[in-house]
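[1] Here is my input; please provide its structure:
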Amino acid sequence: MTDPISLIQTARKEGRKSLSEYESKQFLAAFGIPVCKEVIVKSSDEAAHEAEKMGFPVVLKASGAKLTHKTEAGAVVINLKSKEEVKKEGERLLSIEGCEALSVQEMVPGARELVCGLTRDPHFGPAVMFGLGGIFTEILKDTVFRIAPLEERDAFEMMDEIRARKILDPFRGEEAADRNILAKTLVAVGEIGLKYEDVAEIDINPLKIRPDGKLVAVDALVILT
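    Numbers count the residues shown, from 1 in each chain. From the prediction side, this is the model:
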């Protein structure tokens, strides 16, 4: 298990204002937050090899300290189904400015996406955010907030307060979201905010609901103060 403090210290020494996506997920996983399978490699050949080991389809992303908005930079490719596709896209991603490595990730199934995170209110301190995720986060702005620390009952209340709360129910043959895992995730985000003053923001988007109802963080970013 990676030590969260060492991740922050490394970023500080390198003059970075945020953890990489991979580091951010390692940080969150240390607090029991479920994250997707991910491997960092340096070449397209390695990426193809790891993708085959992981099992197709996979997601391939450019990885770098300055690549915080990968989608806008065209640095994310989903649903790659063969070693040849991974190798071809890997070579393209490595040519993107700021790309230092490649991230091979499992392609997480499921149509429902949530968002959760942390902000720091200048008066009240760390606040946990929860709502509808994916591309709808900024469009619909269906989010709610709670000041940390959270108890599990606070987290369950947050789930019932978003307008799109039915997204947590059974959906088109998929199981209901595991509210217990979701509650533990929201509580853990609050704990991070209280324990680490170096953490200014956390953005987990999307937090995806698998068809079996389990949740997994597919993308995450930890921003430092």
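[2] how distant is the helix or strand bottoming out on mean pLDDT in the chain from the center of its chain?
    Taking mean pLDDT, DSSP states H and E as the measure, the chain has helix 136-140 as its least confident helix or strand, at a mean of 81. The chain centre lies 17 Å from the centre of helix 136-140; the measure is Cα atoms, centre = their mean, to the nearest Å.
[3] could you say what helices and strands it packs with?
    In terms of contacts (3 or more Cβ pairs under 8 Å, 6 or more residues apart in numbering; DSSP states H and E), helix 136-140 is packed against no helix or strand at all. Where C-beta positions appear, they are placed from N, C-alpha and C, glycine not excepted.
[4] what residues does the next helix or strand after that helix touch?
    Heading C-terminal from helix 136-140, the first helix or strand you meet, by DSSP states H and E, is strand 143-147. Strand 143-147 is contacted from outside by 115, 119, 121, 124-132, 137, 154-155, 157-158, 161-162, 186, 190, using Cβ atoms under 8 Å, 6 or more residues apart in numbering.
[5] Give me the buried positions along strand 143-147.
    Within strand 143-147, the residues that count as buried by 16 or more other Cβ atoms under 10 Å are 143, 145-146.
[6] which of these lies closest to K37?
    Of all the buried residues of strand 143-147, T143 has the smallest distance to K37: 27.5 Å, by Cβ to Cβ.
[7] Against E89, how distant is that closest one?
    The gap separating T143 from E89 is 33 Å, by Cβ to Cβ, to the nearest Å.
[8] What of L186?
    For L186, the distance to E89 - Cβ to Cβ - is 35 Å.
[9] and if you look at K70?
    13 Å.
[10] same question, A65
    Counting by Cβ to Cβ, the separation of A65 from E89 is 21 Å.
[11] Which one's more surrounded, the two?
    Looking at A65 and E89 with other Cβ atoms under 10 Å, you find the greater number of neighbours at E89, namely 20 against 16.
[12] that older thread, how about the buried residues of strand 143-147 in a markdown table, adding pLDDT and distance to I223?
    Listed next are the buried residues of strand 143-147 as a markdown table, based on pLDDT from 0 to 100; distance: Cβ to Cβ, whole Å:
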| residue | pLDDT | distance to I223 |
| --- | --- | --- |
| T143 | 96 | 17 |
| F145 | 97 | 17 |
| R146 | 97 | 20 |
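[13] Kindly reformat those residues as a markdown table containing distance to P4.
    Below are the buried residues of strand 143-147 laid out as a markdown table (distance: Cβ to Cβ, whole Å):
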| residue | distance to P4 |
| --- | --- |
| T143 | 25 |
| F145 | 23 |
| R146 | 22 |
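[14] What about the nearest residue to D142 once chain neighbours are set aside, how many residues nearby?
    Take D142 and drop its neighbours on the chain: the residue closest to it by Cβ to Cβ, 6 or more residues apart in numbering is L132, 4.2 Å away. Using other Cβ under 10 Å, L132 has 23 other residues around it.
[15] pretty sure L132 contacts E161?
    No - when contacts are counted by Cβ atoms under 8 Å, L132 is not listed as touching E161 (11.8 Å).
[16] now what about the longest helix seen in the chain, what contacts it?
    Taking DSSP state H as the assignment, the helix of the chain that covers the most residues is helix 179-195. Helix 179-195 has contacts (Cβ under 8 Å, 6+ apart) with 27-28, 31-34, 114, 116-118, 120, 125-128, 130, 146, 148-152, 154-156, 158-159, 168, 199, 202, 204, 207, 214-215.
[17] Narrow the residues you listed to those in strands?
    In strands, judged by DSSP state E, the following of the contacts of helix 179-195 are found: 114, 116-118, 120, 125-128, 130, 146, 199, 202, 204, 207, 215.
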